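Asks: What would the 3D arrangement of this be:
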Amino acid sequence: EVQLVESGGGLVQAGGSLRLSCAASGFTFDDYAIGWFRQAPGKEREGVSCISSVDGKTVYTDSVKGRFTISSDSAKNTVYLQMDSLKPEDTAVYYCAAAPRYCRSSRSFDLWGQGTQVTVSS
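Replies: A predicted model of the protein is given here:
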């Protein structure tokens with residue numbers, strides 16, 4: 001079965017860190033871009049970060065630059081999102097998703113995980 005499975009969410013105090021994992025099964029990341037998205041209650045889903053396995057380029061939304069780091073481990077077929085200096089406004093359900101080859105518009109992501117909750121307390 002082709003799927004993405006997120007893990008690593010939880011409750012953390014402001015200023016703390018979490019590392020999210022996105023593991024793929026049924027396919028390899030070799031020809032895909034993997035993005036992290038988040039959706040807070042009452043808000044629209046937003047793109048957080050993306051990494052392309054084709055050209056290695058990474059993308060971050062402005063609000064997480066310098067705090068979040070995306071990386072991939074091809075041997076484990078897993079993409080990580082290291083989140084440091086977390087803020088209450090980072091609270092959301094975080095999803096990973098796959099798109100063909102490059103980090104482009106959110107519409108290009110057509111395989112989604114089930115999401116993992118991140119809660120940052122003040």
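Asks: Going by C-alpha atoms from here, please, whenever you check contacts or count neighbours.
Replies: Fine.
Asks: Pick out the residue closest to the middle of this protein.
Replies: Residue closest to the average C-alpha location in the chain (C-alpha atoms, centre = their mean): residue 36, at 2.5 Å.
Asks: Now that one: which helix or strand?
Replies: Taking DSSP states H and E as the criterion, residue 36 maps to strand 32-39.
Asks: CA atoms only: put that strand into CSV for me.
Replies: C-alpha atoms of strand 32-39 as CSV (Å, rounded to 0.1, in the frame of the first residue of the first chain):
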residue,chain,number,x,y,z
TYR,A,32,9.4,13.0,-5.3
ALA,A,33,9.2,16.2,-3.3
ILE,A,34,8.0,15.9,0.3
GLY,A,35,6.3,18.8,1.9
TRP,A,36,5.2,19.6,5.5
PHE,A,37,1.9,21.4,5.9
ARG,A,38,0.0,22.5,9.0
GLN,A,39,-3.5,23.4,9.9
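Asks: Can you name every helix or strand that it contacts?
Replies: Contact partners of strand 32-39 among helices and strands, from 3 or more C-alpha pairs under 8 Å, 6 or more residues apart in numbering; DSSP states H and E: strand 46-52, strand 92-100.
Asks: at 10 Å what do you get?
Replies: Applying 3 or more C-alpha pairs under 10 Å, 6 or more residues apart in numbering; DSSP states H and E, one finds that strand 32-39 makes contact with strand 18-25, strand 46-52, strand 58-60, strand 68-73, strand 78-83, strand 92-100, strand 111-112, strand 116-121.
Asks: for the protein, what are the low-confidence residue spans?
Replies: Judged against pLDDT under 70, the chain has no low-scoring part.
Asks: if we can go back for a sec, run me through the strand neighbours of the strand holding residue 36, direction for each.
Replies: According to DSSP bridges, strand 32-39 forms sheet pairs with strand 46-52 (antiparallel), strand 92-100 (antiparallel).
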